[in-house]
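[1] Here is the input, now give the coordinates:
(one chain, ligands or ions: 1)
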Amino acid sequence: MNMENQIDLEKLQSKAENAFDIWGKFAIATNMHLGDHLGLYKAMRDAGPVTSESLSDKTGYHERWVREWLRGQAAAGLITYHGDGSFEMGPEEAMVLADEENPASVIGAFQFVPMVGALVNKIPTSFKTGIGHSYDSLGSDCAAMVERLLGPWYRASLVEEALPKIDGLVDKLEAGAKCVDIGCGAAVAMVTMAQAFPKSEFHGYDNSQHAFIRARANIQAAGVTNVFLHDSDEETIPTDHSYDFATALDCLHDMSHPELAVAAAREALKPDGVFFVIDIDGKESFEENLADNPLAPMSYAVSLLCCMSSSACVADGGAHGTLALPEGAMRKMVTGGGFQTFKRVDGLEHPFNAYYEARP
Ligand SMILES: C[S@@+](CC[C@H](N)C(=O)[O-])C[C@H]1O[C@@H](n2cnc3c(N)ncnc32)[C@H](O)[C@@H]1O
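    Numbering: from 1, shown residues only. Below is the predicted model of the structure:
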């Protein structure tokens, strides 16, 4: 059979272009990580037009390497070229690339690059064994990436926009509430709440030592004394129904047994307590994600490297992953875990997350 006669040449070309485009984006992503890691983006922020010579002088880096980096950044549409040998990072570009206080910041996500570099040789074994890699085993770059990617939203929106949408919660937090954050990571959410509600206490549970190093630094830098960290491999969450507020922020789909985390939240909460969950806003099926979720390609790829891998890090793990807990599956798991009500919290903007509240 002559295969060549059956090949659609237009389709072939578009498939090859797609693959080549993805390869190019991977190379650009690596250059973006370098811009972050080397401080080139921060050096361009608020600097007005720069040339490769002036940026080289400012940073101490070799002019030829700075020039090639600048040209690549402009060609990728990340910064602006003025046509006279000068490049500029405008205010919108700076919000995305060089200002981590801004909720539009995305640059922290590029710490993925060194994480993947260290991980890529371990993954083939997972294809054979089925066993993935915990967050902690992905090292300090992973903990840093998670904090830098998710932290800007907590700082900008958690207290100001999200918590007031949950009936009665802010009054309780102001008066002094007992709160538990399951899968707390670097504790940015807890520190933000602890600063806003000094009479409340916040207990964070996680099993990543890399995240705890960052959490301790964040707690110390903020000077808060009402945040407490607990290693969930050593301490279980109290089941005495003494907590007013439980959170599971961007972590249930990463867990080997998220149903146990839901049950722990239920057992920790008072009868009038509330459980606030943030998780990925996926579609209900793979087919719907394929048809109607522009973030599906990124989500499945990240899942394999990180979220599903974490959820599969023990032999009996659920191997959930980035798009495994859309609203329907989350509702089933949370109500199955003993919560009487479950609803989506509307009116909060996020590029990839959904928000839910559940009550015992
Ligand atoms: C994507 S991070 C989110 C961290 C934090 N909630 C935030 O929003 O910044 C997921 C977190 O879940 C934690 N995690 C995953 N599996 C866990 C488990 N079995 N027990 C405790 N923590 C777990 C990871 O260590 C990681 O810190």
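
[2] CA only for contacts and neighbour counts going forward, please
    Will do.

[3] List the buried residues of stretch 237-249.
    Across stretch 237-249, burial judged by 16 or more other CA atoms under 10 Å covers 237, 241, 242, 243, 244, 245, 246, 247, 248, 249.

[4] Could you work out the end-to-end span of it for me?
    This stretch, stretch 237-249, spans 16 Å end to end (CA to CA, to the nearest Å).

[5] who touches that stretch?
    172, 177-184, 205, 264-279 (CA atoms under 8 Å, 6 or more residues apart in numbering).

[6] Show me which residues of the stretch 1-150 of the chain are close to the ligand?
    Residues of the stretch 1-150 of the chain lying close to the ligand by CA under 6 Å from any ligand atom are 135, 146, 147, 150.

[7] Just the buried ones from the contacts of stretch 237-249?
    Of those, these count as buried by 16+ other CA under 10 Å: 172, 177-184, 205, 264-270, 273-279.

[8] Can you flag which of those residues belong to helices?
    Among the buried ones among the contacts of stretch 237-249, the members found in helices (DSSP state H) are 172, 264, 265, 266, 267, 268.

[9] Pull the contacting residues for the closest residue to residue 51 other than its chain neighbours.
    Among residues not flanking residue 51 along the chain, residue 86 sits closest, at 4.6 Å (CA to CA, 6 or more residues apart in numbering). Neighbouring residues of residue 86 by CA under 8 Å, 6+ apart: 49, 50, 51, 52.

[10] Compare those residues and tell me which has the most neighbours.
    Counting neighbours by other CA atoms under 10 Å, residue 52 leads the contacts of residue 86 with 22 neighbours.

[11] The ligand contacts on the stretch 201-350 of the chain?
    206, 207, 208, 211, 232, 249, 250, 251, 254, 255, 256.

[12] Would you mind checking these for buried ones?
    206, 207, 208, 211, 249, 250, 251, 254, 255, 256.

[13] which residue packs closest to residue 208, ignoring adjacent ones?
    Of all residues not flanking residue 208 in the chain, residue 136 sits nearest, at 4.7 Å (CA to CA, 6+ apart).

[14] Same question for residue 228.
    For residue 228, the spatially nearest residue (CA to CA, 6+ apart) is residue 203, at 4.8 Å.

[15] Am I right that that neighbour sits in a strand?
    Yes: Residue 203: assigned to a strand according to DSSP: H, G, I helix; E, B strand; the rest coil.

[16] Touching, it and residue 179? I think so.
    Yes: judged on CA atoms under 8 Å, residue 203 makes contact with residue 179 at a distance of 6.1 Å.

[17] which ones are touching residue 97?
    Residue 97 makes contact with 36, 41, 105, 106, 107, according to CA under 8 Å, 6+ apart.

[18] Under the pLDDT cut-off, which ranges of the stretch 1-150 of the chain? List them.
    1-4 (pLDDT under 70).

[19] now the helices: where do they sit in it?
    Taking DSSP state H, counting those that start in this stretch, the helices of the stretch 1-150 of the chain run over residues 9-37, 40-44, 52-59, 63-75, 91-97, 112-119, 123-129, 140-153.

[20] Look up the closest residue to residue 227, ignoring the ones flanking it.
    If the residues on either side of it in the chain are set aside, residue 227 comes closest to residue 202, at 4.8 Å by CA to CA, 6+ apart.

[21] residue contacts, that neighbour?
    If you count contacts by CA under 8 Å, 6+ apart, residue 202 has them with 178, 179, 180, 181, 190, 194, 226, 227, 228.

[22] Which pair of the residues you listed spans the longest distance?
    The most widely separated members of the contacts of residue 202 are 181 and 226, with 13.0 Å between them, by CA to CA.

[23] burial measure for residue 54, as a count.
    Residue 54: 14 surrounding residues under other CA under 10 Å.

[24] For the stretch 251-360 of the chain, which segments count as helices?
    Here the stretch 251-360 of the chain has its helices, by DSSP H, counting those that start in this stretch, at 258-268, 286-292, 296-302, 308-311, 327-336.

[25] that older thread, closest to residue 309 among the contacts of residue 202?
    residue 181 (22.0 Å).

[26] Would you mind measuring from the closest one to the ligand?
    7 Å (CA to the nearest ligand atom, to the nearest Å).

[27] same deal with residue 344?
    18 Å.

[28] separation between the closest residue to that residue other than its chain neighbours and the ligand?
    Closest residue to residue 344 apart from its sequence neighbours, by CA to CA, 6+ apart: residue 356 at 4.3 Å. Taking CA to the nearest ligand atom as the measure, residue 356 falls 14 Å from the ligand.
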